[in-house]
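J.: need a 3D model of the following:
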Amino acid sequence: MNLSESYKKRLQELAGVALPDIEINEFQKIVNEVIERTKFLKYYNQTVIKGDDGIGINFQKQECFGEKSQQFQDKIIYMDEICAVSEFRISYRHFNEKKWYFINFKNEMFPTISRKTELEDLERTVFMKMMQIKNRNYEYTKELMLNEDEKLSQEIINEIVNEIIKKTFSFEEYLSGTFREEKFYE
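T.: Just a heads-up that it's a prediction; the model follows:
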């Protein structure tokens, strides 16, 4: 009985057999190219995530600014601290004759509002919602599904790299104009 390669792979997946080395190496080449072209990622903390059904790498950097204040409507909001977190996660999974890539890049700000700020509950909620909306301006997400015989194209890799750089520089401009003078990246 001859089984197709995709069927054999699917049986391996169901049996809990890890990804073949050739697919792990292909994924690592993509990650290496992204790191090489977005040099600041090499300064982020890296975590490799391996499972029986896939592999991923998470890059993260955090910076906190201490006490800050910001104008909000007609009030000044005092923050005990505001932290900026940048995170890039790329993962790969081979499932049901398809190759899946998941890309998630986000830059977020997390303020801790001081008790000395006089805000009503609704104003506090609006301010926090405003921060969530602002954070969305600095994120990029992409999910790709390819056939088994396809490879991630150079155009898609270029798009990923360009979006990461664009979102990072926009975030940097905001942080530099609002919270600090120096750059978050090297």
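
J.: what is the burial count for K61?
T.: Counted with other CB atoms under 10 Å, residues neighbouring K61 total 17. C-betas here are computed from N, CA, C, even on glycine.

J.: any idea what it is bridged to?
T.: Beta-bridge partners for K61, by DSSP bridges, are S86.

J.: contacting residues for it?
T.: Going by CB atoms under 8 Å, 6 or more residues apart in numbering, K61 touches Y43, Y44, N45, V85, S86, E87, F184.

J.: might one say that the third one is in contact with F59?
T.: The one in question is N45. Yes - counting by CB atoms under 8 Å, N45 does reach F59; the two are 7.1 Å apart.

J.: which one of the two is surrounded by more residues?
T.: Here N45 and F59 are set side by side on neighbour count (other CB under 10 Å), and the busier one is F59, at 23 against 10.

J.: distance of that one relative to N137?
T.: Separation of F59 from N137 (CB to CB, to the nearest Å): 20 Å.

J.: any low-confidence regions in the chain?
T.: 1-19, 52, 179-186 (pLDDT under 70).

J.: which stretches in it count as strands?
T.: Assigned by DSSP state E, the chain shows strands spanning 45-51, 54-64, 68-72, 75-95, 98-113, 139-147.

J.: which residues does C64 contact?
T.: By CB under 8 Å, 6+ apart, the neighbours of C64 are E81, I82, C83, A84.

J.: could you redo the last one with a cut-off of 7 Å?
T.: Going by CB atoms under 7 Å, 6 or more residues apart in numbering, C64 touches E81, C83.

J.: and E143, by the same measure?
T.: E143 neighbours (CB under 7 Å, 6+ apart): F102.

J.: and it, how far is that from F110?
T.: E143 sits 26 Å away from F110, going by CB to CB.

J.: D149 now?
T.: D149 sits at a distance of 43 Å from F110 (criterion: CB to CB).

J.: quick one: which of those two has more around it?
T.: Of the pair D149 and F110, F110 is the one with more neighbours under other CB under 10 Å, namely 15 against 9.

J.: contacts for the lengthiest helix in the chain next, please.
T.: In the chain, assigned by DSSP state H, the helix with the most residues is helix 154-178. Outside helix 154-178, the residues within contact range by CB under 7 Å, 6+ apart are 30, 33-34, 37-38, 40, 84, 86, 88, 103, 105, 107, 137-140, 142, 144, 183-185.
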